[in-house]
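J.: fold the following for me, if possible:
(one chain, ligands or ions: 3)
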Amino acid sequence: MSETPDIVYTTVDEAPELASASLLPIIRRFAKAAGITIETRDISLAGRILAAFPDRQKGEVRDDLAWLGEWVKTPEANVIKLPNISASTPQLEAAIKELQAQGYDLPDYPHEPGTDAEKDARARYDAIKGSAVNPVLREGNSDRRAANAVKKFAQNNPHRMGEWKSDSKTRVASMSGGDFRSNEKSMTLSADQAGPAKIVLTADGGTETVLKDGVQLHEGTVLDATFMSASKLDAFLADEIAKTKEDGTLFSLHLKATMMKVSDPIIFGHAVKTFLKPVFDKYGDELKAAGVDPNGGLGALYAKIENKPEIKAEIEKVMVERPPMYMVNSAKGITNLHVPSDVIIDASIPALIRDGGKGWGPDDAQHDTTCVIPDDTYAPVYDETIAYFKETGALDPSTAGTVQNIGLMAQKAEEYGSHPTTFEIPTAGTVRVIASNGDVLHEHAVEAGDIWRACTVKKAPIEDWVALAIERQKAEGCEAIFWLDADRPHDAQLIEYVTPILEARGVADNFAIMAPREATRRTFETIREGKTSIAITGNVLRDYLTDLFPILELGTSAKMLSIVKLMQGGGLFETGAGGSAPKHVQQLVEENHLRWDSLGEFCALAESLKFLGESRDNAKARVLGEAVEAATQGVLDHDRSPSRKTGEPDNRDSHYWFARYWAEALASQDKDADLAAEFKPVAEALAAKEADIIGELHGAQGKSVDIAGYFHPDDDKKSAVMRPSNTLNDIIA
Ligand SMILES: NC(=O)C1=CN([C@@H]2O[C@H](COP(=O)(O)OP(=O)(O)OC[C@H]3O[C@@H](n4cnc5c(N)ncnc54)[C@H](OP(=O)(O)O)[C@@H]3O)[C@@H](O)[C@H]2O)C=CC1
Ligand SMILES: O=C(O)CCC(=O)C(=O)O
Ligand SMILES: [Mg+2]
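T.: Ligands and ions are numbered 1, 2, ... in the order given. Modelled structure (predicted):
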């Protein structure tokens, strides 16, 4: 491992990692011709678990995430980042079990840590849980958009859209009080308030508990504090369950338990308990004794009551009285409330909207759905989208314009950085954030069980974000909207930053500032006319909108260009805006067909090579990058993307075509004669052997395969499955 490779390609999980087994050898072969070093760093869930317990493993275990976390703070950084699992507790436990079965020495996940050793293990595991990678790597703000070629392809080959009817009963339900939105307070730190702050809970009896000490706050940082009332949440959930029953729709809950890894699993647990309230009322003690943690979901609960027929019977009785649930997998009986990480709001709601507002029910058919999004901060975006489509009918992807996003993300911005300062309040009292100079920055009266949190966004990332927005708007010359609500405390603080910068740069007229609901409608109206709009948003809307619009415009967010211009000069190139597509793994294992589309990897690779060309003045990298763009265009023009169906071309076929078009582009360019000479025979061989290669790739499909693990498959077996064409392998070797 050299200290600074030219490019780091991340080792991840699930479908994208399977794809890498086929694609990475091709990338390496081409990069080698230009003397470019590509190394991998392991940020997979399994890799991170092992790195958390290096002392218990045989041999050396590298902490690649820690290494990358430092590298992204240097101007040399050039990372191609694939999506990785942000694990919920059930996923983390499953991964630990698998690794233990493979012979790795790891402690179980301690649910109720008692001893010091258990507390230590729990702390190490909790650091891995949830979205533990992206916040570490994202030392810059986010620029996500569809490349022109990708957008054109989607317009010419529109995906299927469900029909939106004006009488659809699908709706969004959010709290009208007591939620994070209504309790939010926000302020910007002055110089004398900067320094280590503390968060203190003073119980109603007077006892003080320091919830967190040494919270480093800087001058100019925007600091928010808010809480979700547990009692109001429960009342809201109970009410919505009843209303859903009356409406005759599916009940669904949409959260982000992965990125909001402290707050949202607790909210999820409230939903599990409220849905099964009669069961918890009757058998609460027994369930507790059996080790049931409602935050882990129904899946974990059922596993713990296998031998308790009376509780099972009670659950069945209650379920009959409840509205039918939106299903994750109706064939397997996996409901919305089974696993907290199965229904991830950024992907789940847009997919439902793409399908005309329909979710899958227990009867394996699609129905109108009540979408419960307890916190009302961002729910209006979905509520307005649904209202708009009910009025106007579905969007037409063949004519729709596009929405780009400039997202405030750097340095754990906003809610997605709030985990260390989120608490489930143990006793009623008052929470205060106290600055180093003694100023009380925020104060809330809370009840036991309330979820209180503070979050920050620093000055430098805000200024960088506005500058990035100005740059992008200048490049596009189109509508650009800051999705900020002057009536929301946090957004009002951001507006105080944004307006003077726009004015000082003389570009204020090129931008609008609109609350999310209004911005949603305006943006849909703009893209309906075939035009482009730039959404300049905070971190959560960055996440939500870069799934919402791509899923409606392109059918998926996997095809997005996703660039993180690191604030210290490096580049982080994310592959698409979506996740690791767990269902694709199942299809591969059962039928040896991988429907994962690597277009996101192709786009990121082109950007990474072109960035290398600029940052290290590497002319060959530039040529390789331009050829990748030509290859990507070739894959689109000739429709070489994977099919969903077994027996048809899959991910591996698309890699063959990608390699071929890449080699052809290199052979035919005239900027670098050495590269042209080297790739001419490669291009010829790939063309001459087309029938053999395609035959070998297709011959492999249709049978089940063994990769010896889900979270930590065997590298050789994975490689054998993903590289079934010896003819192709020989040409690439
Ligand atoms: N950047 C990151 O690291 C991210 C990581 N994640 C993680 O990914 C996991 C899954 O998240 P989830 O919310 O389900 O979102 P995904 O984006 O993984 O999946 C949603 C659906 O999108 C489709 N899809 C996604 N990517 C591709 C692709 N490249 N080619 C074809 N289809 C694709 C699949 O549809 P179909 O099944 O119909 O084929 C998939 O089931 C979680 O562990 C989550 O934490 C999520 C988002 C970003
Ligand atoms: O970090 C994660 O868990 C998911 C990230 C994500 O969804 C995104 O950035 O779009
Ligand atoms: Mg997302």
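J.: mind checking pLDDT for the residue of the chain at minimum distance from ligand 1?
T.: Closest to ligand 1 within the chain is Gly579: 2.3 Å, counting by CB to the nearest ligand atom. Any C-beta I mention is one placed from the backbone N, CA and C, and that applies to glycine too. On the pLDDT scale, Gly579 is placed at 96.
J.: hmm, Glu424 is touching Ile267, no?
T.: No: contact between Glu424 and Ile267 fails when scored by CB atoms under 8 Å: they sit 10.4 Å apart.
J.: tell me, what's touching those two both at once?
T.: By CB atoms under 8 Å, 6 or more residues apart in numbering, Glu424 and Ile267 have these common neighbours: Ile451.
J.: quick one: which of the two has more around it?
T.: Between Glu424 and Ile267, counted using other CB atoms under 10 Å, the more crowded position is Ile267 (23 against 16).
J.: wait, is that one part of a helix?
T.: Yes: per DSSP: H, G, I helix; E, B strand; the rest coil, Ile267 lies within a helix segment.
J.: distance of it relative to Ile495?
T.: Distance of Ile267 to Ile495, computed by CB to CB, to the nearest Å: 28 Å.
J.: may I see the buried residues of stretch 624-632?
T.: For stretch 624-632, the neighbour count (16 or more other CB atoms under 10 Å) marks Leu624, Gly625, Glu626, Ala627, Val628, Glu629, Ala630, Ala631, Thr632 as buried.
J.: equivalent analysis for stretch 329-347, please.
T.: The neighbour-count check on stretch 329-347 (16+ other CB under 10 Å) flags 330, 334-347 as buried.
J.: how about Trp596: what's its closest non-neighbour residue?
T.: Ala15 (4.2 Å; CB to CB, 6 or more residues apart in numbering).
J.: try Asn295
T.: Nearest one to Asn295, counting by CB to CB, 6+ apart, is Gly269 at 3.5 Å.
J.: pull the number of nearby residues for Arg62.
T.: 14.
J.: and the spatially closest residue to it that is not a sequence neighbour, how far from ligand 2?
T.: Excluding the flanking residues, the one nearest Arg62 by CB to CB, 6+ apart is Ala51, at 6.8 Å. Note on Ala51: its distance to ligand 2, by CB to the nearest ligand atom, to the nearest Å, is 18 Å.
J.: for Ser142, helix, strand, or coil?
T.: strand.
J.: now for the closest residue to it other than its chain neighbours: which residues touch it?
T.: Nearest non-adjacent residue to Ser142, counting by CB to CB, 6+ apart: Gly407, 3.7 Å away. Neighbouring residues of Gly407 by CB under 8 Å, 6+ apart: 141-144, 465, 536-539, 541-543, 546.
J.: returning to what we had before: now the residue of the chain closest to ligand 1. Its backbone dihedrals?
T.: With angles defined as degrees, to the nearest 10, Gly579 sits at phi -110, psi -150.
J.: so which bits of the stretch 1-150 of the chain are right by ligand 2?
T.: Ser86, Ser131, Asn134 (CB under 6 Å from any ligand atom).
J.: before we move on, what about the stretch 251-400 of the chain?
T.: Residues of the stretch 251-400 of the chain lying near ligand 2 (CB under 6 Å from any ligand atom): Thr258, Met259, Asp346.
J.: and the first one, that's in a helix?
T.: Which is Thr258. No: counting by three-state DSSP, Thr258 is not part of a helix but coil.
J.: and the helices in the stretch 251-400 of the chain?
T.: Here the stretch 251-400 of the chain has its helices, by DSSP state H, counting those that start in this stretch, at 263-275, 277-289, 298-304, 309-321, 345-354, 379-392.
J.: how about the stretch 51-200 of the chain?
T.: 64-71, 89-101, 116-128, 134-137, 148-156, 180-183.
J.: quick one: closest of those helices to Ala665.
T.: Closest of the helices of the stretch 51-200 of the chain to Ala665 is helix 148-156, at 13.5 Å (criterion: CB to CB).
J.: just give me the neighbour total for the closest residue to ligand 2 within the stretch 501-650 of the chain.
T.: Proximity of the stretch 501-650 of the chain to ligand 2 (CB to the nearest ligand atom) peaks at Asp543, 4.4 Å away. Asp543 has 28 neighbours, counted by other CB under 10 Å.
J.: same question, Asn183
T.: 20.
J.: correct me, but it touches Phe227?
T.: Yes: proximity of Asn183 to Phe227 meets the contact threshold set by CB under 8 Å, at 5.2 Å.
J.: what does Lys565 show for phi and psi?
T.: phi -80, psi 100.
J.: what do you get for Asn405?
T.: phi -130, psi 130.
J.: beta partners for it?
T.: Counting by DSSP bridges, Asn405 forms beta bridges with Arg144, Ala535.
J.: rewinding a little: ok, the residue nearest to Arg62 - how many residues close by?
T.: Count around Ala51 with other CB under 10 Å applied: 20.
J.: pretty sure it contacts Leu68?
T.: No: with contact defined as CB under 8 Å, Ala51 does not count as touching Leu68 (11.5 Å).
J.: Asp213: what secondary structure?
T.: Per three-state DSSP, Asp213 ends up strand.
J.: need the pLDDT of it.
T.: 98.
J.: next: Ser2.
T.: Ser2 is given a pLDDT of 50.
J.: what residues are up against the closest residue to Arg160 other than its chain neighbours?
T.: Closest residue to Arg160 apart from its sequence neighbours, by CB to CB, 6+ apart: Gly555 at 7.9 Å. Listed by CB under 8 Å, 6+ apart, the contact set of Gly555 reads Ala154, His159, Arg160, Arg354, Pro397.
J.: correct me, but the last one touches Asn156?
T.: Pointing back at Pro397 there. No: applying CB under 8 Å as the test, Pro397 and Asn156 come out as separate, 9.9 Å apart.
J.: list, one by one, the residues from the stretch 301-450 of the chain near ligand 3.
T.: Within the stretch 301-450 of the chain, the positions near ligand 3 by CB under 5 Å from the ion are Asp346.
J.: in the stretch 301-450 of the chain, what residue spans correspond to strands?
T.: Along the stretch 301-450 of the chain, counting by DSSP state E, counting those that start in this stretch, strands occupy 327-329, 334-335, 358-360, 366-372, 402-407, 422-424, 429-434, 440-446.
J.: can I get those strands in JSON lines with distance to Met319 and mean pLDDT?
T.: Shown next, in JSON lines, are the strands of the stretch 301-450 of the chain (distance: least, CB to CB, whole Å; pLDDT from 0 to 100):
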{"stretch": "strand 327-329", "distance to Met319": "13", "mean pLDDT": "96"}
{"stretch": "strand 334-335", "distance to Met319": "9", "mean pLDDT": "96"}
{"stretch": "strand 358-360", "distance to Met319": "17", "mean pLDDT": "98"}
{"stretch": "strand 366-372", "distance to Met319": "17", "mean pLDDT": "98"}
{"stretch": "strand 402-407", "distance to Met319": "40", "mean pLDDT": "98"}
{"stretch": "strand 422-424", "distance to Met319": "27", "mean pLDDT": "98"}
{"stretch": "strand 429-434", "distance to Met319": "37", "mean pLDDT": "98"}
{"stretch": "strand 440-446", "distance to Met319": "33", "mean pLDDT": "98"}
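J.: so which of the ones you listed is the most packed in?
T.: strand 402-407 (a mean of 26; mean count of other CB atoms under 10 Å).
J.: for ligand 3, what's its nearest residue on the stretch 1-150 of the chain.
T.: Pro83 (8.8 Å; CB to the ion).
J.: so that residue makes contact with Thr10?
T.: No: judged on CB under 8 Å, Pro83 makes no contact with Thr10 at a distance of 9.2 Å.
J.: if we can go back for a sec, between Pro397 and Asn156, who's got more neighbours?
T.: Each of Pro397 and Asn156 has its neighbours counted (other CB under 10 Å); Pro397 has more, 20 against 11.
J.: quick one, phi/psi of that one?
T.: According to degrees, to the nearest 10, Pro397 has phi -70, psi -10.
J.: check Ile563 too.
T.: phi -110, psi 130.
J.: so who does it touch?
T.: Counted by CB under 8 Å, 6+ apart, Ile563 has contacts Ser142, Asp143, Arg144, Gly571, Leu572, Phe573, Glu574, Glu607.
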